[in-house]
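Participant: need a 3D model of the following:
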Amino acid sequence: MPWYVVVTRPRAELKVKDRLKAIGVSVCCPIRVEKRQWSDRVKKVEVPLLPSMVLVFLEIKDRELIFSVPGVVRYLFYLGKPAVVPKKEVDLLNDIEKKGTNIIAIKAIKAGDIIDVPGFGATAQKGKVRHISGNKCWVVLERLGFVITLKLQ
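Facilitator: Down below sits the predicted model:
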């Protein structure tokens, strides 16, 4: 059974995840914790790593089941077929959620460099540095086609 990508309404990922789990669907929706500041306080908020997306583990015959859940918009398609995410990449996303997205800068890096992003599963993930600002680095994960923000220490 493959992992499919489901597109949700904006900011409805966590509710869709809970609703899909309630009907017995295996779901992956990794989150990170961000500090958000309001005029009177600072609060830690859970934010999905994949905005407006949830990964579901279903058989092909059960694909229509998700449309009974409020907040689901459609499946994501790639080259005319439903987008399928390999289990290895789902495991990588779960590792990112568990370990956070901090790395230690061992050497000087610059935009355009290909770097190994250590600490995510058994093998290091490769990524291309898109932008560096202060102690943050934006890296495009090649296999996922997704940008992550890393804190340089």
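Participant: quick one: contacts for Arg9?
Facilitator: Counting by Cβ atoms under 8 Å, 6 or more residues apart in numbering, Arg9 touches Val16, Ser52, Gly71, Val73. In short, each C-beta sits where N, CA and C put it, glycine included.
Participant: surely the third one is in contact with Arg19?
Facilitator: Yes: between Gly71 and Arg19 there is a contact under Cβ atoms under 8 Å: 7.0 Å.
Participant: residues making contact with the longest strand anywhere in the chain?
Facilitator: The longest strand of the chain (DSSP state E) is strand 125-133. Residues external to strand 125-133 that are found in contact with it (Cβ under 8 Å, 6+ apart): 92, 109-117, 137-143, 147-148, 152.
Participant: lowest confidence element among the helices and strands of the chain?
Facilitator: None of the helices or strands of the chain scores lower by mean pLDDT, DSSP states H and E than strand 102-103, at a mean of 46.
Participant: for the helix or strand that that one is followed by, packing partners?
Facilitator: Secondary structure here is assigned by DSSP states H and E; on that basis, the next helix or strand after strand 102-103 toward the C-terminus is strand 114-117. Applying 3 or more Cβ pairs under 8 Å, 6 or more residues apart in numbering; DSSP states H and E, one finds that strand 114-117 makes contact with strand 125-133, strand 136-141.
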